[in-house]
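Asks: here's a sequence, model it:
(chains A, B and C)
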Amino acid sequence: MARAATNRRKLVLTLLAWTVGIAMFFPILWTALTSFKTEAEAIASPPSFLAFHWTLENYAEVQARSDYFLHFMNSVVISLGSTLAGLLVAVPAAWSMAFVPGRRTRDVLMWMLSTKMLPPVGVLIPIYLLFRDSGLLDSRIGLIIVLTLINLPIIVWMLFTYFREIPGEILEAARMDGAGLREEILFVLLPMAVPGIASTLLLNVILAWNEAFWTLNLSASQSAPLTAFIASYSSPEGLFYAKLSAASTMAVAPILILGWFSQKQLVRGLTFGAVK
Amino acid sequence: MGEIVLNRITKSFGDVSVIPPLDLTIADGEFVVFVGPSGCGKSTLLRLIAGLEDSSSGAIRIDGKDATALPPAQRGLAMVFQSYALYPHMTVRNNIAFPLKMARMDKAAIDRKVEAAAKVLNLTSYLDRRPGQLSGGQRQRVAIGRAIVREPTAFLFDEPLSNLDAALRVNMRLEISELHASLGTTMIYVTHDQVEAMTMADKIVVLNAGRIEQVGSPIELYNRPCNRFVAGFIGSPRMNIIEGAETGGQAHAIGIRPEHLALSTDSGHWAGTVSVSEHLGSDTFVYVQVDGVGTLVARAGGEFPVRHGDRVWLTPQPDRLHRFDAEGKAL
Amino acid sequence: MATAHSRAAARLTMAPAVVLLLGWMLIPLAMTLYFSFLRYNLLMPGTEEWIGTLNYQYFLTDPAFFTALGNTLALVGGVLALTVCGGIGLALLLDQPFWGRGIVRLLVIAPFFVMPTVSALVWKNMLMNPVNGLFAAVARGLGLQPFDFLSEAPLSSIVLIVTWQWLPFATLILLTALQSLDRERLEAAEMDGAGAVDRFVHIILPHLARAMTVVTLIQTIFLLSVFAEILVTTNGGPGNATTNITYLVYSLSLLQFDVGGGSAGGIVAVVLANIVAVFLMRMIGRNLDL
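Replies: Have a look, this model is predicted:
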């Protein structure tokens, strides 16, 4: 009896949870489906779910018409470049905060976090003008610089929370064994922190990939990553649902898959270790 | 060679003084144990010698050279940490080889030394494992191996046995003593366990609140503790301390070790009632509620058949009495 | 717990990050502050002159500012309320035993990884469009008049889109917190006679307080500067109906090329964000044990 009641309860919960799950996922699913339709089928009423003529021509056309691959590479270079540059600066900083904490470490960490709260519009104009005058506007390197800076506090924080879990005695042992600072970090700390560094990398690639204030304002045709490229579809002449869907699917799919893999680290990273 | 001299060393964290001015000379080849209750500054003192902390003032000379401002790596010391501090991502071989690699030694020489150390420590068949795959005792030996390959001026041990179970601890204690006998290198060993101190040390340094209470050989400390703190800390069970009328007026307090109290079931100096008796077979510890004095512990060799509530008499050996003044100093 | 050597090393290793962030914060901010006291329009180069606080007077008395302020608050507040409440509900649901938990979890968190421009375009065109959108088709199928979301209820529509993006985040964090709740505590409460509602109010909610704080804090940081969703869907319109402070400053600066006015707006935005930040940092400081 109890077993039957439990099973009935589980069935109801399953139905409810799947309904909610599919509802949340639906816009993505619908976009992916539409990307395989012809333009006519994409706006057909009533819309068809699966019974349509599946085609890949939208993908080919998006690439042919607007050089999708260029923008994809821009996204890859900018998100990966800014994350690696950020790690380069953040690893030494996080090392010192985690292993040589001083009276002001906490204040520095809080201050770094507070720079994340600076509204980007507060500095939009100077950055725009500085970039215009130094030729960084619409360049990958310019976007890498900006994204490195805006994500640096998060990278430092995440690394700090991971480093903090590594016993300091092991680094002291390395120091006793004759390791200099460089060797201590390269040969002892980093290999031990590989999982933490990997999730920091992953999360920041995701954040940089989806960043849509600076990429929209500082890039035009050449350096535009996918965020800005997709935004160009909002203009009326770009309104081809199937092609928009194809472009969107390609822009979202790689990062969605990365994100699914990193969902555990995501919580920890985004909450600065406050929720594990 | 491995002489270490501390000259007016002090350490304070902010306004808190952890170690007041302290002098100590450790002779070459000596096995010195720093012992004291937790928070007495013994680990801090070891870290000052290691160079993992800066002293606030004073000087440290190692092997005749001023090492006060040298970074840890240049002091020629090796340290075995409480947590062993093995590199979890390296094999045993690479753990032991690490200090040699840092010293830019050539590869053939490194291999030779690692093999030799592994042989001494019975680690040869574990060289390609990682620390996570080893038992506590094996990890401990890897940590020691990492220390001996460097052929340091002196070894520093920071409570190295506290993470091992009791049986293993006795074994490792012997191994470390044997190692010291065969290498003849200066060793400084920190522990809160007076048994380790008594069994291993050539010289014991008893620390309390950052101050050195007494320095001496284990037997000196046992026989002639210079104050009540040392008297209470060395020896187990603790020395009985009696204050008040029983002291006979010549001292503020008298002390007598449990093994120096003769037990009798019919007559003696103090009469009392047994509250607890612990029968170990080899010894019997009897906790006696003495009329007008308080609880005294007595130790009888072999079995002494008494139970809770029995009347017993205790008699101190007069030549084994310790007398202390009001400040706790031995008279 | 360190030596002079390691402290010196610490200062050295910390320096690049601190200098970079300090530069990133101070240099542009000082420039914005300076520009905000100038008459400075990119279309009229060479006419820059010091005009004192005139830009601020214009910006702060512009009705668009009050609309934008209200819209910003409505957007942040609305999305926060929906995501926190929805997140608690979803977390409780996903914490129950059912078949396919792992997959449903993946489905629910997916929207978080969709870039803002894509989600805005997908919602605007494929779902909310009154002619070709799916919602319109469904409405017609039910015999109803299609609803033009972005014209009739523009701000609510944007709140809906942004909520869809952030609900996964809130759910994931609250779920993680929920799973760290000691089951025995719930069982003890049940033994003590607490019903489901009592257990939720007295045990589960207090346990989630910290996670709720964190969700509020982090989302506020991002929600204050929602931009792409507005740019792509409504361009701040109709009128100023969906213009928030971020979008207002953007449109002054880069659409009307009024650098002076835009800078004044930027400074106002910074001041407002700081008021929120002080409050938030207090909260986070208490909740993050360092």
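
Asks: nearest residue to C:F200 other than its sequence neighbours?
Replies: Nearest residue to C:F200, sequence neighbours excluded (CB to CB, 6 or more residues apart in numbering or on different chains): C:L92, at 8.0 Å. Bear in mind the C-beta positions are built from the backbone N, C-alpha and C, glycine included.

Asks: would you agree that neighbour falls within a helix?
Replies: Yes - assessed with DSSP: H, G, I helix; E, B strand; the rest coil, C:L92 lies in a helix.

Asks: what is the burial count for it?
Replies: Using other CB atoms under 10 Å in any protein chain shown, the number of residues around C:L92 comes to 16.

Asks: got the contact list for it?
Replies: Residues counted as contacts of C:L92 (CB atoms under 8 Å, 6 or more residues apart in numbering or on different chains) are C:L178, C:F200, C:I204.

Asks: Throw the residues you listed into a markdown table and include secondary structure, thanks.
Replies: Compiled in a markdown table, the contacts of C:L92 are given as follows (three-state DSSP):
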| residue | secondary structure |
| --- | --- |
| C:L178 | helix |
| C:F200 | helix |
| C:I204 | helix |
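
Asks: of these, grab the buried ones for ChimeraX.
Replies: ChimeraX command restricting those to the buried ones, with burial defined by 16 or more other CB atoms under 10 Å in any protein chain shown:
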select /C:178,204
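
Asks: can you classify B:Q214 as helix, strand or coil?
Replies: strand.

Asks: that one against B:N223, yeah?
Replies: No - counting by CB atoms under 8 Å, B:Q214 does not reach B:N223; the two are 11.8 Å apart.

Asks: what is in contact with the two at once?
Replies: By CB under 8 Å, 6+ apart, no residue touches both B:Q214 and B:N223.

Asks: which of these two has more residues huddled nearby?
Replies: The neighbour count for B:Q214 versus B:N223, taken as other CB under 10 Å, is higher for B:Q214 (21 against 13).

Asks: where's that one relative to chain C, distance?
Replies: Distance, B:Q214 to chain C, by CB to the nearest CB, to the nearest Å: 28 Å.

Asks: where does pLDDT dip in the chain?
Replies: Went with chain A since none was named. A:1-5, A:234-239, A:272-276 (pLDDT under 70).

Asks: nope, chain C
Replies: Using pLDDT under 70, the flagged stretches of chain C are C:1-2, C:283-290.

Asks: if I pick the residue of it found nearest chain B, what's in contact with it?
Replies: Proximity of chain C to chain B (CB to the nearest CB) peaks at C:T3, 4.5 Å away. Residues near C:T3 by CB under 8 Å, 6+ apart: B:G51, B:L52, B:E53, B:D54, B:P71.

Asks: give the contact list for the residue of the stretch 151-300 of chain B found nearest chain C.
Replies: Residue nearest to chain C within the stretch 151-300 of chain B: B:D158 (13.7 Å; CB to the nearest CB). If a contact means CB under 8 Å, 6+ apart, then B:D158 has B:S43, B:L46, B:R47, B:M79, B:V80, B:F81, B:Q82, B:V190 as its contacts.

Asks: stretch A:104-111 close to chain B?
Replies: No - if you take CB under 8 Å from any CB of the partner chain as the test, stretch A:104-111 misses chain B, and the best it gets is 13.8 Å.

Asks: coming back round to it: out of the contacts of C:T3, which is nearest to chain A?
Replies: The closest of the contacts of C:T3 to chain A turns out to be B:L52 (CB to the nearest CB; 5.4 Å).

Asks: right, and that closest one touches B:A73 too?
Replies: No - B:L52 lies out of contact with B:A73 (CB under 8 Å); the separation is 10.9 Å.

Asks: shared neighbours, the two?
Replies: A:R175, A:M176.

Asks: helices of chain C, residue ranges please.
Replies: For chain C, applying DSSP state H gives helices covering C:4-35, C:54-61, C:63-94, C:101-109, C:116-121, C:134-141, C:149-152, C:154-179, C:183-191, C:196-199, C:205-223, C:228-233, C:245-250, C:259-287.

Asks: quick one: C:F257 and C:L42 touch, right?
Replies: Yes - with contact defined as CB under 8 Å, C:F257 reaches C:L42; the gap is 3.8 Å.

Asks: on that earlier part again, where's the residue of chain C closest to chain B relative to B:A231, distance?
Replies: From C:T3 across to B:A231, the span is 37 Å (CB to CB, to the nearest Å).

Asks: could you do B:D325 as well?
Replies: Plainly put, B:D325 is 13 Å away from B:A231 if you go by CB to CB.

Asks: between the two, point out the one with more neighbours.
Replies: More neighbours surround B:A231 than the other of B:D325 and B:A231, with 26 against 13 (other CB under 10 Å).

Asks: residues contacting the more buried one?
Replies: B:P225, B:M239, B:I241, B:G255, B:H322, B:F324, B:A330.

Asks: any chance of these in CSV, plus pLDDT, secondary structure and distance to C:G52?
Replies: Listed next are the contacts of B:A231 as CSV, based on pLDDT from 0 to 100; DSSP: H, G, I helix; E, B strand; the rest coil; distance: CB to CB, whole Å:
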residue, pLDDT, secondary structure, distance to C:G52
B:P225, 92, coil, 82
B:M239, 92, coil, 85
B:I241, 90, strand, 83
B:G255, 90, strand, 86
B:H322, 90, strand, 87
B:F324, 90, strand, 83
B:A330, 87, strand, 84
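
Asks: between these, which sits nearest chain A?
Replies: Taking CB to the nearest CB as the measure, chain A lies nearest B:P225 of the contacts of B:A231, at 33.5 Å.
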